[in-house]
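**Student:** Any chance you could fold what I've pasted below:
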Amino acid sequence: MVTYIVRRLVTAVLILLGASFLVYLLTAASGDPLAELRANPSPNKTQLIQQRTELLHLNVPAPLRYFIWLKGAAGCLIPFANSCDLGTNLQGQPVTEQLGLAMVQTLSLVTVATLLAILIGVTLGIITALRQYSALDYGVTFMAFLFFSLPIFWAAVLLKEYGAIGFNNFLRDAVVPIPVTIVLALVFGLIAMAVSTGAWKRRWMVFGITAAATAIILQLLSVTGWFTNPGLGIVVIAITAVGVAFGITTLSAGLKNKKALYSALITAGIGVVLYFPIQPLLAAATPLMIVLLAIAAIAVGIAVGYFMGGYDRGQNIRSAALTAFLVGALIMADRFMQSWPEYFNNSKIRGRPIPTIGASTPNFDGDFWTSSLDRMTHLLLPTIALILISIASYTRYSRGSMLEIMNMDFIRTARAKGLSERTVVMRHAFRNALIPLATIVAFDIGGLIGGAVITERVFSFSGMGSMFAQGLLSVDPNPVMGFFVVVGITALVFNLLADLVYSALDPRVKVKS
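**Tutor:** Numbering: from 1, shown residues only. As a prediction, this is how the structure comes out:
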């Protein structure tokens, strides 16, 4: 294994050297970085041209200039030496500094979008594979291909028009009209009807109950002014926590495992009991405190699952730990909602909380919760845009992989042995269905670091994609090379990790030295 990894890393270094040399030469040959200055009527034009020539070593042939750049880039391999030098851009800013700022913007923009797209896409793909040729399957397939075919810039513009401008206008008088309530009730009813199984009579009952519940909830939210003063409250959190405990146990252990179910329910109960005592602590929250509270919540779940005992402590621990994390997330969501009126009424927001451009509101000053709300609202629309476009591929790949696995002999053998359907799907089929997805996810994460050029442009994010595009347009090789190094290393590393994940998911696949 070690020999294999070392050999792959050596190969990756050689690939990076060859590819970076070609990219540098192509960038240098794509135009003249002095063209702008040559057309400048300024009297000090000659001096400016000389300064840029010295800055970019333009008096040296491009192949030799590459090795000047490589000498500085080699310093990045020495940790803590502060010798990393990727050159400067045309404005004289060090590329390492520009990369640091761009990577923060890109990671904040696309990380959550990619993770949610993977989670939702894989989940929908597996569910539709288990419900093949059902109304749900046809509906998800149609929506997946619809979103996949949408140009990202058009989807982004629609989201800005209706998700930001339209919703901000709605918040002036946050009342859902009766016709809109009826339409939304019918939509949610049809979705619930498609998801449900059984006879048509039962499915029509699900449709009616869901539609009626949706209409009642929407009107209650309008009457109570929930949209401008939202909150979950202890009752909703308690009911949801119990549902989370049952849902997590169903997926991870099965409801027949009473110890796992009791572990999850006890953990949910602890979270509900601590709701009020933890509020003063959350009022003075910091990012580090939130991380520590999340670790503490998971630790409590692990402890509860362990001390419950039973024939399989591992299932208890998984059920309780996941329940603890999700209940903690519910309490966090409620605390964000409590801070919404303060954010909504801030003088910088002016009652229009969903922005259309930028990563944050200029000169916005607030505590942890309102500042986090500001960043999240700025990320909301671009995140949705990226999810809608990305979700189709994960849905189709996971559906196809799951269908192939479910028709294999070992699945029929598992059923013939009398294993429950949950065990067959979650323990045998799901793990094997993830194998082809490992490669797709690895390449997508490599692209994640590269940023979303069009999305960044539409929503005015100064990320990696914008840095790369600007470098190409201005014939500025150093930012382009900085972008290439980060994306190239990420792609090669995750490609290696994909091979290792293959061997972990499937014992038949072994890496060889």
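
**Student:** give the contact list for F368.
**Tutor:** Contacts of F368 were listed using CB atoms under 8 Å, 6 or more residues apart in numbering, and they are A285, T286, P287. In this view, the C-beta of every residue, glycine as well, is placed from N, C-alpha and C.

**Student:** can you tell me which of the residues you listed lies nearest to L77?
**Tutor:** Comparing the contacts of F368 against L77 with CB to CB picks out P287 as the nearest, at 30.4 Å.

**Student:** I'd like to know how far the closest one sits from T3.
**Tutor:** Plainly put, P287 is 41 Å away from T3 if you go by CB to CB, to the nearest Å.

**Student:** on that earlier part again, quick one: which of the contacts of F368 sit in helices?
**Tutor:** Using DSSP state H to define helices, the subset of these located there is P287.

**Student:** can I get the contacts of F368 in TSV with pLDDT and neighbour count?
**Tutor:** Shown next, in TSV, are the contacts of F368 (pLDDT from 0 to 100; neighbours: other CB atoms under 10 Å):
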residue	pLDDT	neighbour count
A285	87	16
T286	90	10
P287	90	9
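
**Student:** in what helix or strand does P33 lie?
**Tutor:** Using DSSP states H and E, P33 sits within no helix or strand.

**Student:** Excluding residues flanking it in the chain, which one is nearest it?
**Tutor:** Spatial nearest neighbour of P33, chain neighbours left out: V475 (4.4 Å); criterion: CB to CB, 6 or more residues apart in numbering.

**Student:** Let me have the contacts of F368 in a markdown table, extended by distance to L150.
**Tutor:** Formatted as a markdown table, the contacts of F368 follow (distance: CB to CB, whole Å):
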| residue | distance to L150 |
| --- | --- |
| A285 | 38 |
| T286 | 39 |
| P287 | 35 |
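
**Student:** Give me the helices and strands touching the helix or strand I454 falls within, please.
**Tutor:** Under the criterion of DSSP H and E, I454 resides in helix 453-458. Where contact means 3 or more CB pairs under 8 Å, 6 or more residues apart in numbering; DSSP states H and E, helix 453-458 is packed against helix 95-130, helix 152-158, helix 368-406, helix 464-473.

**Student:** Tell me the buried residues in that helix?
**Tutor:** Neighbour-count burial for helix 453-458, with 16 or more other CB atoms under 10 Å as criterion, is recorded at V453, I454, T455, E456, V458.

**Student:** Next: stretch 92-111.
**Tutor:** Buried-residue list, stretch 92-111, by 16+ other CB under 10 Å: P94, V95, T96, Q98, L99, A102, M103, Q105, T106, S108, L109, V110.

**Student:** Can you list the low-confidence ranges for the stretch 101-250 of the chain?
**Tutor:** The stretch 101-250 of the chain contains no residues with pLDDT under 70.

**Student:** can you give me the strands for it?
**Tutor:** Taking DSSP state E, counting those that start in this stretch as the criterion, the stretch 101-250 of the chain contains no strands.

**Student:** all helices for it, in order.
**Tutor:** For the stretch 101-250 of the chain, the helices defined by DSSP state H, counting those that start in this stretch occupy 135-149, 152-158, 167-172, 178-195, 200-224, 233-252.

**Student:** Let's have these in TSV, adding mean neighbour count and distance to Y66.
**Tutor:** What follows is these, written out as TSV (neighbours: other CB atoms under 10 Å; distance: least, CB to CB, whole Å):
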stretch	mean neighbour count	distance to Y66
helix 135-149	15	39
helix 152-158	16	34
helix 167-172	14	50
helix 178-195	16	56
helix 200-224	15	61
helix 233-252	18	53
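
**Student:** quick one, which of those helices is nearest to R375?
**Tutor:** So among the helices of the stretch 101-250 of the chain, helix 167-172 is nearest, using CB to CB, at 17.6 Å.

**Student:** separation between I126 and P43?
**Tutor:** Separation of I126 from P43 (CB to CB): 69 Å.

**Student:** of these two, who's got more company?
**Tutor:** More crowded of I126 and P43, by other CB atoms under 10 Å: I126, with 24 against 7.

**Student:** coming back round to it: turn the helices and strands packed on helix 453-458 into JSON lines, columns for distance to V485.
**Tutor:** Listed next are the helices and strands packed on helix 453-458 as JSON lines, based on distance: least, CB to CB, whole Å:
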{"stretch": "helix 95-130", "distance to V485": "9"}
{"stretch": "helix 152-158", "distance to V485": "26"}
{"stretch": "helix 368-406", "distance to V485": "24"}
{"stretch": "helix 464-473", "distance to V485": "11"}
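
**Student:** Could you say which one of those helices comes nearest to L218?
**Tutor:** Taking CB to CB, helix 368-406 is the member of the helices and strands packed on helix 453-458 nearest to L218, at 20.7 Å.

**Student:** circling back: between the buried residues of helix 453-458, which is closest to G488?
**Tutor:** Using CB to CB, the buried residues of helix 453-458 come closest to G488 at V453, 16.8 Å.

**Student:** Chain neighbours aside, what residue packs nearest to that closest one?
**Tutor:** V453 sits nearest to G465 (CB to CB, 6+ apart), 3.5 Å away.
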